[in-house]
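Chemist: need a 3D model of the following:
(one chain, ligands or ions: 3)
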Amino acid sequence: MFLNIPGNLMTKIEPDNLPRHIAIIMDGNGRWAKRHAMGRIRGHKKGAQAVRATVTACRELGIEYLTLYAFSTENWGRPDDEIKALMSLLREYLEKEEKALQKREIKLTTIGDIDKLYPAVKTKLKEVMRETQNNRKMVLNLALSYGSRDEIIAGIKKMMEDNLKGKLEISEVNVDVVERYLFTHDMPDPDLLIRTSGEYRISNFLLWQLAYTELYFTDVLWPDFKKEDLLKAIHAYQQRERRFGLTGEQTDKNKVSVKK
Ligand code: IPE
Ligand code: IPE
Ligand code: MG
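Modeler: Ligands and ions are numbered 1, 2, ... in the order given. A predicted model of the protein is given here:
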């Protein structure tokens, strides 16, 4: 399982303390392109290669859930040609990776408003999701046309509708109930969030779900992100003490586990 790992980093990773769910804000494609005197689209293309490498590395390590922020609700405001290029890159990615996902028993899921995606992308996405739905080795969850505020608003609306229909009482609303109304209802909260490119913000990503996630920021631009960078992030995660509001003494004794 731990073969082909760069350097000695792998020896430092504790296999029993891996994050179950890693979420990544893949940022810096544009700056990478600029640095290499190329257009932004070339940066996105190189970014797609980093996606491939990261999915493979997570699958090899035994990470259960990998959520990648690929396109935000705010990204719709970018120039038309960039949106167009991102849509076709996404379709290309799905076409190229379809077989590999199936072979490696990876299930593809999405969060976000996929109805807004270009029709050809949506069709391909649905096809790959259908094909891979019974895979159990890892979940690759793509956040596409995703915005956490939209997700929360959609959840509130659905809760209010259910309340009017008599299916949900106000007194029943609690953390577990709210979670059932989010796009992520069938997955645990992320244990580790990685953001590349030296930006220290959340950019409307998983606002509810990140409540107790360990945050890791790196200056590496997404197209340069390698397996080694992933291992560094996991290693940093393993040095953290997750206290969930308790005291250090309490968590030492009881080893608080992540919910779900
Ligand atoms: C992340 O890279 C990819 C998407 C948001 C789709 P950016 O395109 O945001 O790259 P920078 O931030 O301009 O460098
Ligand atoms: C966040 O990156 C969205 C994705 C990575 C898909 P952005 O580049 O869009 O975020 P801001 O604009 O720096 O906040
Ligand atoms: Mg950016």
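Chemist: so does stretch 137-145 get close to ligand 1?
Modeler: No: figure legend: stretch 137-145 not in contact with ligand 1 (CB under 6 Å from any ligand atom); closest approach 10.1 Å. The C-beta positions use only the backbone N, C-alpha and C, and glycine is treated the same way.
Chemist: and that stretch, how far from the chain's centre?
Modeler: Offset of stretch 137-145 from its chain centre (CA atoms, centre = their mean, to the nearest Å): 6 Å.
Chemist: buried stuff in that stretch?
Modeler: 138, 139, 140, 141, 142, 143, 144, 145 (16 or more other CB atoms under 10 Å).
Chemist: in the sheet, who's paired with the fifth one?
Modeler: To tie it back to what came earlier, the one meant is residue 142. residue 68, residue 110 (DSSP bridges).
Chemist: so that it lines up with my notes, have the first residue be 19 from now on.
Modeler: Sure thing, new numbering starts at 19, so read that last one as residue 160.
Chemist: wait, it touches residue 132, no?
Modeler: No: using CB atoms under 8 Å as the test, residue 160 is too far from residue 132 to be in contact (9.1 Å).
Chemist: phi and psi next, for the residue in the chain positioned nearest to ligand 2.
Modeler: Nearest residue of the chain to ligand 2: residue 221, at 3.7 Å (CB to the nearest ligand atom). With angles defined as degrees, to the nearest 10, residue 221 sits at phi 50, psi 50.
Chemist: contact partners for it?
Modeler: 43, 45, 87, 90, 92 (CB atoms under 8 Å, 6 or more residues apart in numbering).
Chemist: against residue 56, how distant is the most centrally placed residue in the chain?
Modeler: For the chain, the residue nearest the mean C-alpha position is residue 85 (1.8 Å; CA atoms, centre = their mean). The gap separating residue 85 from residue 56 is 28 Å, by CB to CB, to the nearest Å.
Chemist: ditto for residue 189
Modeler: Applying CB to CB, the value for residue 189 to residue 56 is 57 Å.
Chemist: and those two? Which one has more around it.
Modeler: Each of residue 189 and residue 56 has its neighbours counted (other CB atoms under 10 Å); residue 56 has more, 13 against 6.
Chemist: tell me the secondary structure for the more buried one?
Modeler: Secondary structure, DSSP: H, G, I helix; E, B strand; the rest coil: residue 56 is coil.
Chemist: as a quick check, tell me the outermost residue of the chain.
Modeler: Within the chain, the residue lying farthest from the chain centre (CA atoms, centre = their mean) is residue 184, at 34.4 Å.
Chemist: pretty sure that residue is in a helix, no?
Modeler: No: Residue 184: not assigned to a helix; according to three-state DSSP it is coil.
Chemist: hmm, back to that, how about a markdown table for the buried residues of stretch 155-163, with distance to ligand 2 added?
Modeler: Putting those into a markdown table (distance: CB to the nearest ligand atom, whole Å) gives the following:
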| residue | distance to ligand 2 |
| --- | --- |
| 156 | 21 |
| 157 | 19 |
| 158 | 15 |
| 159 | 13 |
| 160 | 10 |
| 161 | 7 |
| 162 | 9 |
| 163 | 10 |
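Chemist: can those go into CSV with extra columns for distance to residue 108 and pLDDT?
Modeler: Shown next, in CSV, are the buried residues of stretch 155-163 (distance: CB to CB, whole Å; pLDDT from 0 to 100):
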residue, distance to residue 108, pLDDT
156, 19, 98
157, 18, 99
158, 13, 98
159, 14, 99
160, 8, 98
161, 12, 99
162, 7, 98
163, 11, 98
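Chemist: before we move on, the earlier item: what about ligand 2: which of the contacts of residue 221 touch it?
Modeler: Among the contacts of residue 221, ligand 2 is touched by 43, 45, 87, 90, 92 when using CB under 6 Å from any ligand atom.
Chemist: could you turn the buried ones of those into a PyMOL selection?
Modeler: Selecting only the buried entries of these in PyMOL, with 16+ other CB under 10 Å as the criterion:
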select buried, resi 43+45+87+90
